[in-house]
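Enquirer: The sequence and its predicted three-dimensional model are supplied below.
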Amino acid sequence: MTEKVSFEENMDKLEKIVQELEQGNIPLEKALSQFQKGIELSNELQNTLKNAENTLAKEMTDNDEEKQFEKPESDDK
């Protein structure tokens, strides 16, 4: 069974990949591989954030049911 890597660990990995690519002194094949890993990590991080946003955008009713928060109407007219 594989351990789930934390958001922070994935963020650190992505930052290291970006730094390595920005330095530009790695072979093209490794740069392409790292770029692909970076894209995968970026997608995984975006999914994690989207799931967190969806979770935080819910509230519990008195009947222990989940419902979406309603966005307040804007006062700017």
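Expert: Everything's here; your move.
Enquirer: So which residues make contact with stretch 42-58?
Expert: 7, 10, 11, 14, 66, 67, 68, 69 (Cβ atoms under 8 Å, 6 or more residues apart in numbering). C-beta: built from backbone N, CA, C; applies to glycine.
Enquirer: Would you mind measuring from the residue nearest to the spatial centre of the chain to residue 25?
Expert: Closest to where the C-alpha atoms of the chain average out (Cα atoms, centre = their mean) is residue 45, at 2.0 Å. If you measure residue 45 against residue 25 using Cβ to Cβ, to the nearest Å, the figure is 26 Å.
Enquirer: Tell me where the longest helix sits in the protein.
Expert: helix 28-56 (DSSP state H).
Enquirer: Let me see the mean pLDDT of it.
Expert: Averaging pLDDT along helix 28-56 gives 94.
Enquirer: Check which residues of it are buried.
Expert: For helix 28-56, a neighbour-count test (16 or more other Cβ atoms under 10 Å) marks 34, 38, 41 as buried.
Enquirer: how about those residues in TSV, adding distance to residue 59?
Expert: Below are these laid out as TSV (distance: Cβ to Cβ, whole Å):
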residue	distance to residue 59
34	41
38	36
41	31
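Enquirer: Report the separation between residue 24 and residue 17.
Expert: Residue 24 is 13 Å from residue 17, by Cβ to Cβ.
Enquirer: Compare these two (neighbour count), which wins?
Expert: residue 17 (20 against 7; other Cβ atoms under 10 Å).
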